[in-house]
Structures are given as C-alpha cells and as structure tokens.
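Asks: give me a 3D structure for the following:
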Amino acid sequence: MPRERGSKNDNYSRLPAPVITAGREAVTGWNMLTAGGRPLPDFLIIGAQRSGTTSLYRYLLEHPQVMPAIPSKGVHYFDLHPERSLRWYRAHFPTQRARRARERRFGGPIVTGEGSPYYLFHPHGPARAAAAVPRARVIAMLRDPVERAYSHYRQEYARGFEDAETFEEALDLEPSRLAGERERMLADPGYSSRAVQHHAYVARGEYVDQLTAWREHFPAEQMHVICAERFFADPAAAYAGVLRFLGLPDPPKTPGFKAYNARPAAGMAAGTRERLEAHYAEPNRRLEEFLGMRMGWPTAERDRAER
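Replies: Numbers count the residues shown, from 1 in each chain. The predicted model follows:
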C-alpha cells in the first residue's frame, strides 16, 4: 500500500491550477478508502484572511506532535464544499494508525487540524463546524482591519478575482456587490457567493459579529483569539500561547518564524485610510469589549483617547 500522502511542504502552488485540483482530488480519493480510520481534526484555524494564518499553520507543523491536513492546509469543508460527505472530510487527516505511531515516537498527544480563513466570515461556517467537530479547538487571528482590507484587495487583484483598478474603486463597489448576498446564502445553503468570498474587503474586518456567531456554537474555552500584529512582532510568544491552548509541550526546536504568503507592503492613500479608520472605530471598540482585551490598532487607540 502507498505511504501516507501529503507533506508539510506544499509545493502545489508552483503547478497550474488544473493540475493542483486533479492532484488534490486524487490524493483525497485514495485516502477515502481508509476514511473510517481517520479521526476528525483537533483544531481549526478559521481566519481572518490575510492575517498570518498560513505562517501560524506552518509553524505548528514544525512541532513533532502536530500532523498536517492532507494534501494542504485548507480543506474548506465548512464553506466551499458543504455538499461533500463527512467521509470526504475525514480523508484529509492522518490515520489513527499514523497518529499512534507518532505518539509512540514522541511520547505525547498528537493533534491535527486545518486552516481555512473563509470559515470565520462564512454565514454557515460556525453551525457546520459545530455539527461535525463540536470538540475542536478554534483559533482566530485578527489583523488591523484597515491593513487587512488593503492586503485582501491586493491579493484578489493579483489572483485575477478583482477587476477594479484601484482599492478605492473596490471599496465603492462593495456595498452593491454584497447587497442581499449573505441573505441569499442563509436562505439557500447551497448558494456560493463570489462577492462574499472575494470582494468583502470592509465587511470581513467587522470581526465582532463574526466571533459572536462562532461563540454561539463553541464555548469560550474552545476559542483562542490572537492579535496578528503581536504575532508579527513576537511570533515566539504567540506560538507558545497556541501550543498551551492545544495542550502541547514546548517543541525540541523552535521554528525559524519565516513569514509565509506575505506580500510586499504598498502605500495606501491617506484619505482612504482615514475613511476606513472612521468606519472601524465603533466595530473595533465593540470587539475589544467582547474579547476583554486591547488590540492596539490605531483606530481603537484613537477612539479610546477621544472618549
């Protein structure tokens, strides 16, 4: 029988998209033959998009007691592939036999998980996850929503999902693009919205309502929220906090904390920044109140000073 397929170093991104899709389907199809012996994930990294989730996932995979999703980080079962079976979802994780072998080798508990940053924002994400993996630990990384929105736009433009030539044009288009889309998704669980997935630059940064929806399905002790800026500034401390949350010991070797999936920064127009900071002042205040912690973002700090 072929060896367990999938690895920590996902090189699929260098291949054409059709080849990537075909390769992943082939791996999953093979793994479905043994899906009954594959436990569901212990943790989910749910977002936010463009907040460092890829880097965090890669760091976790450097820990000997963390095993990867197969063949790559994001399974997207609770957002893009709800029509698939739970058996299909199980096929993306290591077998119980492989986990026990790793446990014997390292003398401690083994965990596995996935990271799909659309889960946080998807209107069906929390309920679907709770139905399938109610005991999973949930990790959310939140970045300053102003910076996140701009980074999101630049990524979608680079990938060909955005045809607005400027960030400002995309911001102006967002309300009409999103009008009625979440309502349609809620009414029709099978409906997939391109606008909600790719063009919700501002809406995705309104974190408090998204976290509230997840908290309705997962208790606070199963959720861990990380400020992305603190993660970027001191990844070792944030990484250690995640290990404690997952019940894992310090690793024998600390990750190198290389940044993955980063894009070079580019200037945002001052007027656009002011516009977004004004928009997020109240949502950020509500977020800090909900979490009981300060995020340290300029909008939140300024709003606090003015009060």
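Asks: give the other helices and strands that the one helix or strand V242 maps to contacts.
Replies: Using DSSP states H and E, V242 sits in helix 235-246. Applying 3 or more Cβ pairs under 8 Å, 6 or more residues apart in numbering; DSSP states H and E, we find helix 235-246 packed against helix 53-61, strand 137-142, strand 223-227, helix 228-233. The way it works is simple: take the backbone N, C-alpha and C, and place the C-beta from them, glycine included.
Asks: next, the angle helix 235-246 makes with the first one.
Replies: In this structure, helix 53-61 runs at an angle of 70 degrees to helix 235-246, with axes from the mean of the first three to the mean of the last three Cα atoms, to 10 degrees as the basis.
Asks: and the next helix or strand past helix 53-61?
Replies: strand 66-67.
Asks: tell me the strands beside that next one, with direction?
Replies: strand 111-115 (parallel) (DSSP bridges).
Asks: name the residues of the helix holding V242 that are buried.
Replies: P235, A238, Y239, V242, L243, F245, L246 (16 or more other Cβ atoms under 10 Å).
Asks: take the residues you listed and lay them out in a markdown table including pLDDT and distance to R97.
Replies: As requested, the buried residues of helix 235-246 are exported to a markdown table (pLDDT from 0 to 100; distance: Cβ to Cβ, whole Å):
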| residue | pLDDT | distance to R97 |
| --- | --- | --- |
| P235 | 95 | 33 |
| A238 | 96 | 33 |
| Y239 | 96 | 29 |
| V242 | 98 | 27 |
| L243 | 98 | 25 |
| F245 | 98 | 27 |
| L246 | 98 | 22 |
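Asks: with the residues you listed in mind, which one is nearest to M295?
Replies: Distance to M295, by Cβ to Cβ, is smallest for A238 among the buried residues of helix 235-246, at 13.5 Å.
Asks: which residues sit in contact with the residue lying closest to the closest one once chain neighbours are set aside?
Replies: What sits nearest to A238 in space, not counting adjacent residues and going by Cβ to Cβ, 6 or more residues apart in numbering, is F231, at 4.1 Å. For F231, the contact set (Cβ atoms under 8 Å, 6 or more residues apart in numbering) comprises G52, S55, L56, M141, A238.
Asks: show me which positions of stretch 65-84 end up buried.
Replies: Under 16+ other Cβ under 10 Å, the buried positions of stretch 65-84 are 65-80.
Asks: in strands only, show me these.
Replies: V66, M67 (DSSP state E).
Asks: just the buried residues of stretch 65-84 now: which is nearest A278?
Replies: When the buried residues of stretch 65-84 are compared against A278 (criterion: Cβ to Cβ), the nearest one is D79, at 30.1 Å.
Asks: what's the pLDDT at that closest one?
Replies: We note a pLDDT of 97 for D79 in this prediction.
Asks: again, but for Q96
Replies: Per the predicted model, pLDDT is 97 at Q96.
Asks: how many neighbours does the residue nearest to it when sequence neighbours are not counted have?
Replies: Spatial nearest neighbour of Q96, chain neighbours left out: G37 (5.2 Å); criterion: Cβ to Cβ, 6+ apart. Using other Cβ atoms under 10 Å, G37 is surrounded by 13 other residues.
Asks: who's in contact with V196?
Replies: Contacts of V196 (Cβ under 8 Å, 6+ apart): F121, H122, L178, E181, R182, M185.
Asks: any buried residues in whichever strand or helix holds it, and which?
Replies: In the assignment (DSSP H and E), V196 maps to helix 194-198. For helix 194-198, a neighbour-count test (16+ other Cβ under 10 Å) marks A195, V196, Q197, H198 as buried.
Asks: what does the helix or strand that that helix is followed by contact?
Replies: From helix 194-198 onward toward the C-terminus, using DSSP H and E, the following helix or strand is helix 207-215. Under the contact criterion Cβ under 8 Å, 6+ apart, helix 207-215 has outside partners 46-48, 120-121, 123, 125-126, 138, 140, 142, 145, 223, 225, 283, 286-287, 290-291.
Asks: about what we covered before: which one of the contacts of F231 has the most neighbours?
Replies: M141 (27 neighbours).
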